[in-house]
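J.: Structure of the sequence below:
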Amino acid sequence: MSERRRTSRYHSRAHRGLRYLAQRLLLRPVISSTVRVTVEGERNLAGLDGPFILVANHSSHLDAPLCLTALPYRVTKNIATAAGADYFYSSKWRSILTSLFFNTYPVERGKSRGKSAGLSVSLLRQGVPLLIFPEGTRSRTGEMADFTPGAAALARALRLPIVPVALVGAHDAMPVGMFWPKSGRMPVKVLIGKPLRVRAGEKLPEFNARAQARVRAMHRMQTSYVLVPEENVAPTAETDDLPEAQEGIS
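T.: As a prediction, the model looks like this:
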């Protein structure tokens, strides 16, 4: 089976139409009725065209719904969401629902290589943007963990922009262990930063650390407009490999 055929549903008009209806008629009303969403930084998406990788911190099952309902439809209409195969593809009904609402594709977490990396590359090369949570799993405390390098490696190898997003308040509204947001429509913020591109001569650990620093700073300062002394961020061990995109919603 050709790569184009294997990934056809991720960019088909029929699936996009069904996803639009599911998000507008079901997902968006649920989000707006259970939490109070503030979006900041939409102007940073001006001129964004073609494939990109949206990266965000991850502490709640609200995270993917927030990204896909709060951002402009022109940005999210074709986006595919990385999802942990061990959870979201462990049962048929769960994989069907997540595919319908979030256009998910499976990632094998905890492995250095596999089909996930190839699928991520194929989707990006076919013009499909990706939503990736580089921490790999939800934070149990609300504190950000270090980013694994998969998203940065993809962006660096394919020379694509990373769009940093900080989600503030999602953990308080619906922490790990809860299957519905808390009552009272707690406030959450979706903060969209300026796209990041790899610099000339920039190594993977440096680029990954820069993306992490941007999301962490926006989350800490609760604003999308931050100045980060990125040159002072200590990178992790260097590698130029293109690792499997182990990150995903979980």
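J.: For this structure, which helix or strand comes out least confident on mean pLDDT?
T.: Lowest mean confidence among the helices and strands of the chain (mean pLDDT, DSSP states H and E): helix 3-6, at a mean of 66.
J.: Mind listing what's buried along stretch 92-106?
T.: Ser95, Thr98, Ser99, Leu100, Phe101, Phe102, Asn103, Thr104, Tyr105, Pro106 (16 or more other C-beta atoms under 10 Å). C-betas here are computed from N, CA, C, even on glycine.
J.: Stretch 21-35 too?
T.: Buried, per 16+ other C-beta under 10 Å, within stretch 21-35: Gln23, Leu27, Arg28, Ile31, Thr34, Val35.
J.: and what of stretch 71-80?
T.: Quick answer for stretch 71-80 (16+ other C-beta under 10 Å): Leu71, Val75, Thr76, Asn78, Ile79, Ala80.
J.: For the last one, name its beta-bridge partners.
T.: Spelled out, it's Ala80. As for beta bridges, Ala80 partners with Leu130 under DSSP bridges.
J.: Quick one: residues contacting it.
T.: Ala80 sits next to Tyr10, Asn103, Thr104, Tyr105, Leu123, Val128, Pro129, Leu130, Leu131 when contact means C-beta atoms under 8 Å, 6 or more residues apart in numbering.
J.: how close does it sit to Arg9?
T.: 10 Å (C-beta to C-beta, to the nearest Å).
J.: what do you get for the second one?
T.: Counting by C-beta to C-beta, the separation of Val75 from Arg9 is 20 Å.
J.: repeat for the third one
T.: With distances taken as C-beta to C-beta, Thr76 is found 17 Å from Arg9.
J.: Determine which two of the contacts of Ala80 are furthest apart.
T.: Thr104 and Pro129 (13.5 Å; C-beta to C-beta).
J.: how about the helices in the protein?
T.: Remark: helices assigned in the chain by DSSP state H are 3-6, 13-22, 28-34, 63-70, 73-76, 85-88, 92-102, 115-125, 150-158, 170-173, 204-221.
J.: Using CSV, list the CA coordinates for the fourth one.
T.: The C-alpha coordinates for helix 63-70 follow below in CSV (Å, rounded to 0.1, in the frame of the first residue of the first chain):
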residue,chain,number,x,y,z
ASP,A,63,-5.7,19.8,26.1
ALA,A,64,-6.4,18.5,22.6
PRO,A,65,-10.0,19.7,22.6
LEU,A,66,-8.9,23.1,23.6
CYS,A,67,-6.3,23.3,20.9
LEU,A,68,-8.7,22.2,18.2
THR,A,69,-11.7,24.3,19.2
ALA,A,70,-9.9,27.5,20.3
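J.: give me the low-pLDDT residue ranges for this protein?
T.: Scanning the chain for pLDDT under 70 picks out 1-6, 110-116, 227-250.
J.: what do you get if the cut-off is 80, keeping everything else the same?
T.: The chain contains residues with pLDDT under 80 at 1-6, 109-117, 226-250.
J.: Tell me how far the residue nearest to His15 when sequence neighbours are not counted lies from Ala64.
T.: Counting by C-beta to C-beta, 6 or more residues apart in numbering, Arg9 is the residue found nearest to His15 once chain neighbours are left out, at 5.0 Å. Taking C-beta to C-beta as the criterion, Arg9 is separated from Ala64 by 18 Å.
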